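Engineer: Structure of the sequence below:
(4 chains)
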2 protein chains.
Amino acid sequence: MTRILVVDDEPQIVRALTITLKARSYEVVIAVSGRQALAVAAQSSPDLVLLDLGLPDLDGVDVIRGLRSWTKVPIIVLSGRNQGTSKVDALDAGADDYVTKPFNIDELLARLRAVTRRAPSGTEALSVVVGEFTIELPDRRVTSCKPDDEGEPAGVRLTPTEWQLLELLVRQPGRLVTQRELLKEIGRADVGDQSHYLRQFMNQLRRKLEPEPSRPRHLMTEPGMGYRFQP
Amino acid sequence: MTRILVVDDEPQIVRALTITLKARSYEVVIAVSGRQALAVAAQSSPDLVLLDLGLPDLDGVDVIRGLRSWTKVPIIVLSGRNQGTSKVDALDAGADDYVTKPFNIDELLARLRAVTRRAPSGTEALSVVVGEFTIELPDRRVTSCKPDDEGEPAGVRLTPTEWQLLELLVRQPGRLVTQRELLKEIGRADVGDQSHYLRQFMNQLRRKLEPEPSRPRHLMTEPGMGYRFQP
DNA sequence: GTCCGGCGTCAGGCTCGCGTCAGGGTCATG
DNA sequence: CATGACCCTGACGCGAGCCTGACGCCGGAC
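Structural biologist: Got it, this is the predicted structure:
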């Protein structure tokens, strides 16, 4: 089932879109601000994003850039502003389509089908460079730029839990991800203080990815809060 | 250089578009009717089609269907008619975008960049070499480079299920394919943990294709996640 | 200076997932 | 009916990955 992330701060718009999309048996995820949109997109990996440009916190174009820094997920922009260069800016920032409010719902659905039709493989993603390694999100692998002793371009083996944590961090570059979010990702947000757990895996990740594990440059820890991925 | 096929029967529109596009160093090819559009597209293989719906001979939607019957080239529809269901019909027939006349030229150029940006333009490899075998996807067969004892260039016999799994892996070289994806391919993603199932078939594939089945070099397993084809 | 909470690191037990062999069931074919 | 080929399930050993406990370090509070 196709999962759609609806980003809008007007409740009635969100409600109308949700009802319409669910009636077409789409799965709907909601965000009401730009920052929330980036966080939710990272955690739920939607197949399409419906993005309103008039958000309270971030500029819509910055939201598009934030998404495009790690994913190729199709983005359709909804906007009341049809003047000026916002259309061109949004499209050039990486949006796939631009629909002006008020929009015909059938047209929106048709455009939605058009952009999803072209991207059948779900969430294609880009790669992120970390030190001497390249994290390839779509392939779920980490490769080294330098070949090893035997001349093979060997990569790094990551365990499922390590990968889950790394992916959540990398998909939100620069943003602080709380311990709770990280623990929720690996299904351990239920009981007590499990931060020890996290430290264990972060340690392993640093040992596998950081040149100097004791002096991390990309997997930064924010004491008392959580962790942050620094590109 | 990006080649654009402009299809319109109004000379002044064609002229204006041609000048604008050539100024952006696009290559421009012209057709003034539906039939001509199909013929020109076939022989010049453009990278994008700008299609006016109000053509004298064929219905615009039929032109789209005609193109889509053999090519995935991006199509942007230009139209003066913004009423009715023509938008939905055109998009569902295979158009990638729909712009209503009169249009802002900067917006059109931005949409043009948006659809070409997403265009795959990649040709898939049809046969893959793995060890001493060659996997020929279109022929659905695996042949050995070395002839057998009797001098015949014997191939490897794969069962339907084995082929389904191998094809899914080989079609995405280097990418990790999750257990769920693999099980879904062979129609067993419905209930419970069927990973045992997978292991069975992967084992058989390795015994048939890998020089050392216990030390696989191409059909790699990623514990807890899935499998990966390594070219 | 002393206490204390949070973090990094190491070590070890234990479960889980993987590979492998073996055997039974089903369907098409001779 | 007999005979394969193929699909599917069970059992078992083993190693990897998970989870927990313990210890040292550092910075801030008092």
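
Engineer: three-state assignment of the residue nearest the centre of chain A?
Structural biologist: Nearest to the mean C-alpha position of chain A, by Cα atoms, centre = their mean, lies A:Ala42 at 3.0 Å. Using DSSP: H, G, I helix; E, B strand; the rest coil, the structure places A:Ala42 in helix.

Engineer: Please look at it and A:Arg171 and confirm they touch.
Structural biologist: Yes - assessed by Cβ atoms under 8 Å, A:Ala42 is found in contact with A:Arg171 at 3.7 Å. Every C-beta, even on glycine, is put in place using the N, C-alpha and C of the backbone.

Engineer: quick one, strands of chain A?
Structural biologist: A:3-7, A:27-31, A:48-52, A:75-79, A:97-100, A:127-130, A:133-136, A:141-144, A:155-156, A:176-178, A:219-222, A:226-229 (DSSP state E).

Engineer: among the ones you listed, which is nearest DNA strand C?
Structural biologist: DNA strand C lies closest to strand A:219-222 among the strands of chain A, at 3.7 Å (Cβ to the nearest atom of the strand).

Engineer: Give me the residues contacting the closest one.
Structural biologist: Residues outside strand A:219-222 that contact it (Cβ atoms under 8 Å, 6 or more residues apart in numbering or on different chains): A:169, A:176, A:202, A:205-206, A:209-210, A:227-230.

Engineer: and chain A, what are its domains?
Structural biologist: A:3-116, A:127-229 (automatic domain parsing).

Engineer: With mean pLDDT and distance to B:Gly131 as new columns, can the ones you listed be given to me in JSON lines?
Structural biologist: Shown next, in JSON lines, are those (pLDDT from 0 to 100; distance: least, Cβ to Cβ, whole Å):
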{"stretch": "domain A:3-116", "mean pLDDT": "92", "distance to B:Gly131": "33"}
{"stretch": "domain A:127-229", "mean pLDDT": "88", "distance to B:Gly131": "16"}
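
Engineer: for these, which one sits closest to B:Ala37?
Structural biologist: B:Ala37 lies closest to domain A:3-116 among those, at 19.7 Å (Cβ to Cβ).

Engineer: how long is that closest one from one end to the other?
Structural biologist: End-to-end span of domain A:3-116 (Cα to Cα, to the nearest Å): 11 Å.

Engineer: For A:Ala42 and A:Arg171, list the residues in contact with both.
Structural biologist: A:Trp70.

Engineer: about what we covered before: who are the contact partners of the residue nearest to the centre of chain A?
Structural biologist: A:70, A:168, A:171-172.

Engineer: Now, these that are in helices?
Structural biologist: A:Leu168 (DSSP state H).

Engineer: Return the member of the contacts of A:Ala42 nearest to DNA strand C.
Structural biologist: A:Leu168 (16.3 Å).

Engineer: so how far is chain B from that closest one?
Structural biologist: 15 Å (Cβ to the nearest Cβ, to the nearest Å).

Engineer: What's the separation between that residue and A:Leu182?
Structural biologist: According to Cβ to Cβ, to the nearest Å, A:Leu168 and A:Leu182 sit 6 Å apart.

Engineer: ok, now A:Val129?
Structural biologist: 22 Å.

Engineer: do A:Ile4 as well
Structural biologist: Taken as Cβ to Cβ, the span from A:Ile4 to A:Leu182 is 25 Å.

Engineer: Quick check: A:Asp189 touching A:Ser195?
Structural biologist: To be clear, residue A:189 is Ala; Asp isn't right here. No - applying Cβ under 8 Å, one finds A:Ala189 not in contact with A:Ser195, separated by 11.4 Å.
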